[in-house]
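[1] sequence first, predicted coordinates after that:
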Amino acid sequence: MRCFENFLIQHGYSVQLHDITKTHVRRFIQHQITKENVKPRTIYRRISCLKSFSKYCVKENLIDNDFMIGIDTPKTDSKLPTYMSLSELRKLFHFLEQDNSRMAIRNHLLFKLLATTGMRRSEIVELTWEQIDLSNNTIRIYGKGKKERLLPLHPMVVPLIKSYMGSLEEYQLHPSQPVFLNKNGKKLNPRGLHKIFKKILQKAGLPPQRFSLHHLRHTFATLLIQENKENVDLRTVQELLGHERHRTFSILDSPHHISGYTESANHRALVSAEIFFFLSITTFATYIHPPLPYGIQHLCYSPFSKIF
């Protein structure tokens, strides 16, 4: 709104509500694009803001006519999600395995758990011991809107959990206690987790400015979908991630996202199979409850038939 007001003032237009017309809005948009070089996504947000404002003014009888009627928002290209490659994941995991710092055991479990479950940052900092079931090797996640989903614990994560438990005091293992603590023994918060991840990326030799915690989630989803478009049950993957919106998966599943991974289709298939092997995603079919649909089981096993 401030940008629009400044535009009106700079060009000698009235800033009174009843004086604003569609012509002023169109000239504002044109100025933003041609003179200010504003990106389409920013233009989209500013137009949406003006539309909401004009509707409010009409509703409150501040103006008689909606000056945003007939003003269309520009189409914005779907931004492809960033994710880690197999070599980058190996680099991260290798550092976690070799690290001997004070919080190494916690960090080792923390980031391998994120990478193999696709959990959100908010979900993992809120994780308590009662949500982890080592007898069935599952983890119960409370996602957005307190919706629950049950995920398998990767076989390589289970011994890490047990090792981490051995480093904690007995009271810290109470079912109601948070799983992940900061260096002061308090509950880890999202901001602290973000800082830890950035430091670990740098120590692992990976660019901290390129990846965020959410990119581990992108990696998890991408590795499930990549090169398995014909076999994967997207709805099941969506449920594993706790997604309600299909738009995210339509981007992950887009031809540009899939074809852009490597140059050769055969090479992509091989790399994709290696990634699945690296993460041993076959545990989904073994441990998930209730049982996963056949589509996911086929997804888990089919990549290996091409290389073994």
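    Received, thanks.

[2] counting neighbours, what do you get for the nearest residue to residue 207 once chain neighbours are set aside?
    Spatially, and ignoring its direct neighbours in sequence, residue 207 is nearest to residue 201 (7.0 Å; Cβ to Cβ, 6 or more residues apart in numbering). Using the backbone N, CA and C atoms, a C-beta is placed for each residue, glycine as well. Using other Cβ atoms under 10 Å, residue 201 has 21 other residues around it.

[3] mind checking how far residue 51 is from residue 14?
    20 Å (Cβ to Cβ, to the nearest Å).

[4] so where is the stretch 201-308 of the chain shaky, pLDDT-wise?
    For the stretch 201-308 of the chain, applying pLDDT under 70 flags the ranges 221-308.

[5] let's see that with 90 instead.
    206-308 (pLDDT under 90).

[6] tell me if I'm right that residue 183 and residue 104 touch.
    No: with contact defined as Cβ atoms under 8 Å, residue 183 does not count as touching residue 104 (11.9 Å).

[7] so between the two, which is more surrounded?
    Just comparing residue 183 and residue 104: by other Cβ under 10 Å the higher neighbour count belongs to residue 104, 16 against 11.

[8] mind listing the helices for the stretch 51-200 of the chain?
    Secondary structure of the stretch 51-200 of the chain by DSSP state H, counting those that start in this stretch: the helices cover 86-98, 104-117, 121-125, 158-166, 190-203.

[9] save these as JSON lines, and put in distance to residue 63 too.
    What follows is these, written out as JSON lines (distance: least, Cβ to Cβ, whole Å):
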{"stretch": "helix 86-98", "distance to residue 63": "54"}
{"stretch": "helix 104-117", "distance to residue 63": "49"}
{"stretch": "helix 121-125", "distance to residue 63": "40"}
{"stretch": "helix 158-166", "distance to residue 63": "60"}
{"stretch": "helix 190-203", "distance to residue 63": "42"}
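
[10] out of these, indicate the one that is most buried.
    For the helices of the stretch 51-200 of the chain, the largest average neighbour count (mean count of other Cβ atoms under 10 Å) is found in helix 104-117, namely a mean of 21.

[11] can you give me the angle that helix makes with helix 190-203?
    100 degrees (axes from the mean of the first three to the mean of the last three Cα atoms, to 10 degrees).

[12] mind exporting helix 104-117 as CSV, just the C-alpha atoms?
    In CSV, the C-alpha atoms belonging to helix 104-117 read as follows (Å, rounded to 0.1, in the frame of the first residue of the first chain):
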residue,chain,number,x,y,z
ALA,A,104,27.6,-34.7,17.9
ILE,A,105,25.3,-37.6,19.1
ARG,A,106,22.2,-35.3,19.1
ASN,A,107,23.1,-33.7,15.7
HIS,A,108,23.7,-37.1,14.1
LEU,A,109,20.3,-38.3,15.1
LEU,A,110,18.6,-35.0,14.5
PHE,A,111,19.5,-34.5,10.8
LYS,A,112,19.3,-38.1,9.8
LEU,A,113,15.9,-38.3,11.2
LEU,A,114,14.9,-35.2,9.3
ALA,A,115,16.3,-36.5,6.1
THR,A,116,14.7,-39.9,6.3
THR,A,117,11.2,-38.9,7.5
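
[13] having no further points to raise, I will conclude here.
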